[in-house]
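Chemist: Just to be clear, the model below is a prediction. Sequence and coordinates:
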Amino acid sequence: MIIASNVSKKFGKLAALDNVSVTCNKGECIALIGPNGSGKTTLIKSILGMVVCNSGFITFNGKNILHDWQYRAHIGYMPQIGRYPDNMTIGQMLSMMKDIRDQKNLVLDEDLVVQFKLNELLNKRMRTLSGGTRQKVSAALAFLFNPDVLILDEPTAGLDPVAAEILKEKIITEKLKGKLVLVTSHILSELDELVTQVIYMQDGSLKFHKSIEELRKDTGQEKLSKAIASVMVKING
Amino acid sequence: MKKIIKYVMIDILRNKIMLAYTLFLLLISLSVFNLEDNSAKGLLSLLNIILIIVPLVSILFSAIYVYNSAEFLELLVSQPLKRKTIWLSMFTGLAGSLALAFFVGAGIPILLYEATATGFMMLGTGLLLSVIFVAIAMLAAVKTRDKAKGIGVAILLWLYFSLLFDGLVLFLLFQFADYPMEKFMVAVSAFNPIDLSRILILLKMDISALMGYTGAIFKNFFGTQAGVWLSFFVLAMWIVIPSWLSLRKFNRKDL
């Protein structure tokens, strides 16, 4: 569904992405793992077209994304730090997004809006929201339009345990519907029950892309956190 | 495109600075027209105020607004929207609101007190200047990532167009006083939209006789129908070229 071929991106001298090639298919739940500054967010942003890569190309459903924009209608994106116009209220924000992404026979998925009780906060301005509430709005917006692909950058950071659990349940439901889910997180224990594949990145390059069973077999570890730890030791050792 | 223009416009028109700017212009133009018995004289006083204030407010407000909308732009870019649509909507929203503020604040008093050819010329150039400086501000804002630096660049650009440019022209004039510079001066005025607007309005006021021989040359060129059309074409280019450059830059910008 999403194919990146030899994607490179430089910020000045720093190579944020170095010749990265990935293939992501429907029904997979892929964890993007790597230390801080390893290029996870840059990869996500290049898939979304927010960062324009220096070389290589990315295709979405077989079409190059470079001069395309309609493909983003199939993506729900939850950024690492949700930044929204300060003066808008949550209600205005939701109605604006609905207005912008207005399509024929679009079924809205308001599960998260209801479960996070955002309906009670519709008149609150974005400026006054706490980090956690902001994350809830981001999550609700990512799932709102029933997209085929969900890209979640650190989804549970800043959420309270109850909300994090709700979000995890939601991700599992959507995965079972056959959607592609790309998720980054540093809390590996919570990825255990979600992911089917693991991509490990370091210093802008892709170290491996394996299914979770393969990873467990290779490292002999049952838990993802232990498996990744042993891989990290091997790579850096 | 219409949808985003709507959200940008609603956001700007709710802004208190915009309201203050409109009221300020209204106050100045009403008091200027009421101070003088002869409203043509009032127009002349208004001219100098407008040529300073309108570019300053347009360029500063737009630059600050673009920087403050960084989050909004980031959000929109991740949605199924063309970058061109986003940027041009932003431009249309800003230019529309600033032009509206100028029309309400200065345009209506001009139409009430001095609905002559000169008045219309002033209204037209004022509206064009508002839009031109929005385009220049957006170019400055998209070229510089740092907010403080970008606003500084905007202020410098305003200073250049309203003061430094004239100084440079005077310097050149005195250095080359022995040569015939009149035709050259006509060409130079195309490089500064504020000067071009000033010349257009002054020539309509029939006080070009005060400007000596250069005034006569100006009158010869700008006084004709073709000269006026050409000047408006140049002013339009001052909108088109900066916005085209900024759009090209925005299309490749990493957010």
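Modeler: Alright, I've got the coordinates.

Chemist: Show me where the chain has its helices.
Modeler: All of this refers to chain A. In chain A, helices defined by DSSP state H lie at A:40-48, A:90-100, A:111-115, A:131-144, A:161-176, A:212-219, A:224-236, listed in chain order.

Chemist: try again with chain B
Modeler: In order along the chain, chain B carries the following helices (DSSP H): B:2-13, B:16-35, B:39-68, B:70-77, B:83-102, B:108-113, B:117-143, B:147-159, B:165-175, B:182-188, B:193-204, B:212-222, B:225-251.

Chemist: I'd like those helices laid out as a markdown table, including distance to A:Leu48 and mean neighbour count.
Modeler: (Glycine included, C-beta is placed from N, CA and C.) Conversion of these to a markdown table gives the following (distance: least, CB to CB, whole Å; neighbours: other CB atoms under 10 Å in any protein chain shown):
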| stretch | distance to A:Leu48 | mean neighbour count |
| --- | --- | --- |
| helix B:2-13 | 18 | 17 |
| helix B:16-35 | 33 | 16 |
| helix B:39-68 | 21 | 21 |
| helix B:70-77 | 8 | 20 |
| helix B:83-102 | 12 | 22 |
| helix B:108-113 | 46 | 18 |
| helix B:117-143 | 19 | 23 |
| helix B:147-159 | 24 | 17 |
| helix B:165-175 | 43 | 13 |
| helix B:182-188 | 47 | 15 |
| helix B:193-204 | 38 | 22 |
| helix B:212-222 | 51 | 16 |
| helix B:225-251 | 15 | 16 |
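
Chemist: one step back: rebuild the helices of chain A as CSV, extending it with mean neighbour count.
Modeler: Listed next are the helices of chain A as CSV, based on neighbours: other CB atoms under 10 Å in any protein chain shown:
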stretch, mean neighbour count
helix A:40-48, 24
helix A:90-100, 17
helix A:111-115, 17
helix A:131-144, 22
helix A:161-176, 16
helix A:212-219, 15
helix A:224-236, 15
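
Chemist: just so I know, which of these lies nearest B:Gln175?
Modeler: When the helices of chain A are compared by CB to CB, helix A:40-48 sits nearest B:Gln175, at 52.8 Å.

Chemist: what angle separates the closest one from helix B:70-77?
Modeler: 50 degrees (axes from the mean of the first three to the mean of the last three CA atoms, to 10 degrees).

Chemist: what mean pLDDT would you report for helix A:40-48?
Modeler: Taken as a whole, helix A:40-48 has a mean pLDDT of 92.

Chemist: close to chain B, is that helix?
Modeler: Yes - using CB under 8 Å from any CB of the partner chain, a contact is recorded between helix A:40-48 and chain B, made by A:Lys45, A:Leu48.

Chemist: quick one: which of the helices of chain A is nearest B:Leu30?
Modeler: When these are ranked by proximity to B:Leu30 (CB to CB), helix A:90-100 comes first, at 35.7 Å.

Chemist: circling back: mind putting the helices of chain B in JSON lines, mean pLDDT and distance to A:Val51 included?
Modeler: Supplementary listing: the helices of chain B in JSON lines, determined by pLDDT from 0 to 100; distance: least, CB to CB, whole Å:
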{"stretch": "helix B:2-13", "mean pLDDT": "87", "distance to A:Val51": "22"}
{"stretch": "helix B:16-35", "mean pLDDT": "93", "distance to A:Val51": "33"}
{"stretch": "helix B:39-68", "mean pLDDT": "91", "distance to A:Val51": "20"}
{"stretch": "helix B:70-77", "mean pLDDT": "88", "distance to A:Val51": "10"}
{"stretch": "helix B:83-102", "mean pLDDT": "95", "distance to A:Val51": "13"}
{"stretch": "helix B:108-113", "mean pLDDT": "92", "distance to A:Val51": "47"}
{"stretch": "helix B:117-143", "mean pLDDT": "95", "distance to A:Val51": "16"}
{"stretch": "helix B:147-159", "mean pLDDT": "96", "distance to A:Val51": "20"}
{"stretch": "helix B:165-175", "mean pLDDT": "89", "distance to A:Val51": "38"}
{"stretch": "helix B:182-188", "mean pLDDT": "83", "distance to A:Val51": "42"}
{"stretch": "helix B:193-204", "mean pLDDT": "88", "distance to A:Val51": "35"}
{"stretch": "helix B:212-222", "mean pLDDT": "76", "distance to A:Val51": "48"}
{"stretch": "helix B:225-251", "mean pLDDT": "94", "distance to A:Val51": "13"}
